[in-house]
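Colleague: generate a structure from the sequence data that follows.
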Amino acid sequence: MDFRLKVFYTVALRLSFTKAATELYITQPAVSKHVQELEETYKTKLFERNGSKIAITPAGEILLKYTKSIFEIYREIDFEMSSFNTDRQGLLRLGASTTISQYIISPVLARFHQKQKDIKVNLLNGNTEQIENALINKEIEIGIVEGQTKNQSIKYIPFLKDELVLVCSSKNPFVLQNEISVNDLKSMKFITRERGSGTLEVIEFALKKINFKLTDLQIEMQLGSTESIKSYLLNSDCFAFMSIHAVGKELKNNELVVIDIENLSIERYFYIITLQGKSDPLSELFIQNIASHYNFKL
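Modeller: Numbering: from 1, shown residues only. Sure thing, here's the model as predicted:
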């Protein structure tokens, strides 16, 4: 593999010579030298430099597209050739949305590593929208997400059922009520995830089915992670819809409490996602490993 392409690829993703140097464990002048050699080879600029900021040029975009394809082929070669050895080898680039990366994926990865110790897994974290974009841009081979909408270029495989529950601090006066009505939601203050979050999308979809809009809620704040929402709830009288997988410890310790809502149940699936019509042996091996544990059909 041409190391210069690896340097170019890293700079293009990070849009920073400094970050690329740190990630590749080489000096910044070395990064500049490799990029300059490529620019001399192709007789065109790959990046526009404006002070400390850089931007990829149209020529750079074309090279990036083919570099991704080249790396994908190399990755498949490594894995296919390792099949002639006892231990399979290769690199799997995986993406997981926030709830999944924090509460679901670690035991999945641990079980896979026990069976395939020589396969390296790189995990990208982000919200559902970011993970789907990473898949489409071929920055990852597999994603695990939690959204409601579907992209036609992506294949969705449901693998784990989840329930979103309304929770608040155990010190909140509302906990004295066994059940509330949907209309009660209008008088409550909420903490939600940011736009692009699969959890927020599922909540919005569920409320819409009962003629209730997200804008009908009093949203006090939007936060970018489940852990920050839980921490906020513990120090306020606010409420949040959260995955039951995310609040198990707090419910057990009686720090958070589930509030039932009359005639409202929010269920969803977590999905394994790959590009439509795109398959490789390493990704299939990983998906089969998950399928055998969670007992779902491919």
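Colleague: distance of the closest residue in space to Q28 that isn't next to it in sequence from C168?
Modeller: Leaving aside its chain neighbours, Q28 sits nearest to A21 (4.4 Å; criterion: C-beta to C-beta, 6 or more residues apart in numbering). From N, CA and C alone the C-beta is placed, and that goes for glycine too. Per C-beta to C-beta, to the nearest Å, A21 is found 47 Å from C168.
Colleague: these two: who's more crowded?
Modeller: Applying other C-beta atoms under 10 Å to A21 and C168 shows that C168 carries more neighbours, namely 24 against 20.
Colleague: identify the bridge partners of the nearest residue to the more buried one once chain neighbours are set aside.
Modeller: Leaving out its chain neighbours, the residue that sits closest to C168 by C-beta to C-beta, 6+ apart is F239, at 4.7 Å. Using DSSP bridges, the bridge partners assigned to F239 are C168, F190.
Colleague: chain neighbours aside, what residue packs nearest to S225?
Modeller: In space, and not counting its chain neighbours, S225 is closest to T98: 6.0 Å by C-beta to C-beta, 6+ apart.
Colleague: could you list the low-confidence segments of the stretch 1-150 of the chain?
Modeller: Low-confidence segments of the stretch 1-150 of the chain, defined by pLDDT under 70: 1, 79, 82-88, 148.
Colleague: can you give me the strands for it?
Modeller: For the stretch 1-150 of the chain, the strands defined by DSSP state E, counting those that start in this stretch occupy 47-50, 53-56, 90-97, 119-126, 142-145.
Colleague: quick one on the thing from earlier: contacts only, for the residue nearest to C168.
Modeller: Counting by C-beta atoms under 8 Å, 6 or more residues apart in numbering, F239 makes contact with 166-168, 172, 174, 188-191, 233, 259.
Colleague: quick check: I105 vs S228, distance?
Modeller: For I105, the distance to S228 equals 19 Å [C-beta to C-beta].
Colleague: which one of the two is surrounded by more residues?
Modeller: I105 (20 against 13).
Colleague: how much space separates the spatially closest residue to the more buried one that is not a sequence neighbour from G60?
Modeller: In space, and not counting its chain neighbours, I105 is closest to A96: 4.9 Å by C-beta to C-beta, 6+ apart. Using C-beta to C-beta, A96 is found at 29 Å from G60.
Colleague: now do E72
Modeller: From E72 over to G60 (counting by C-beta to C-beta), the distance is 19 Å.
Colleague: comparing those two, which residue is more hemmed in?
Modeller: Neighbours per residue, other C-beta under 10 Å: of E72 and G60, the larger number sits with G60, 24 against 15.
Colleague: residue contacts, the more buried one?
Modeller: Residues counted as contacts of G60 (C-beta under 8 Å, 6+ apart) are 8, 12, 45-47.
Colleague: go again with 7 Å.
Modeller: Counting by C-beta atoms under 7 Å, 6 or more residues apart in numbering, G60 makes contact with 12, 46-47.
Colleague: counting neighbours, which of those comes out on top?
Modeller: Counting neighbours by other C-beta under 10 Å, L46 leads these with 22 neighbours.
Colleague: excluding sequence neighbours, find me the nearest residue to it.
Modeller: Closest residue to L46 apart from its sequence neighbours, by C-beta to C-beta, 6+ apart: G60 at 3.9 Å.
Colleague: longest helix in this protein, by number of residues?
Modeller: The longest helix of the chain (DSSP state H) is helix 58-82.
Colleague: so how far is that helix from its chain's centroid?
Modeller: A distance of 22 Å separates the centroid of the chain from that of helix 58-82, by C-alpha atoms, centre = their mean, to the nearest Å.
Colleague: what are the buried residues along that helix?
Modeller: Residues of helix 58-82 classed as buried by neighbour count (16 or more other C-beta atoms under 10 Å): 60, 63-64, 67-68, 71, 75-76, 78-79, 82.
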